[in-house]
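Undergrad: My questions are about this predicted structure, shown below with the sequence.
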Amino acid sequence: MTVANRRRGADRRLKHVAVDMERRSGLDRRMIVESATAQIHAVLELLTELADAGALRDDSRRLLDTAMLRLRFALERMEPE
């Protein structure tokens with residue numbers, strides 16, 4: 001059976017299924033952002049320890065520095081001003 005043959009058959013997507021919609025409150029959204037912020041802080045601390053260990057080649061060190069810069073930028077945008 002080819003793809004074209006299968007497409008000619010009856011559409012099996014006719015069944016409608018109800019989906020519960022869960023809306024998050026403002027507090028829930030802030031808690032998620034705060035949690036993400038805490039996680040980014042923890043990652044930056046670990047990456048800083050790795051960078052300070054001096055066990056990386058120059059090209060790896062540049063990649064790590066770039067990643068840390070991007071994380072700090074994302075963190076600044078997430079934190080409330």
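TA: That came in fine, so what should we check first? Residues are numbered from 1 along each chain as shown.

Undergrad: Mind giving me the packing neighbours of the strand or helix carrying Ala74?
TA: Using DSSP states H and E, Ala74 maps to helix 58-78. For helix 58-78, the packing partners by 3 or more CB pairs under 8 Å, 6 or more residues apart in numbering; DSSP states H and E come out as helix 26-53. For glycine as for every other residue, the C-beta is placed from the backbone atoms N, C-alpha and C.

Undergrad: And the helix it packs on, what's buried?
TA: For helix 26-53, the neighbour count (16 or more other CB atoms under 10 Å) marks Ile40 as buried.

Undergrad: Now tell me what touches the helix holding Ala74 from outside.
TA: Applying CB atoms under 8 Å, 6 or more residues apart in numbering, the contact partners of helix 58-78 are Val33, Ala36, Thr37, Ile40, His41, Val43, Leu44, Leu47, Thr48, Leu50, Ala51, Leu56.

Undergrad: Just flag the most distant two among the residues you listed.
TA: Val33 and Leu56 (31.1 Å; CB to CB).
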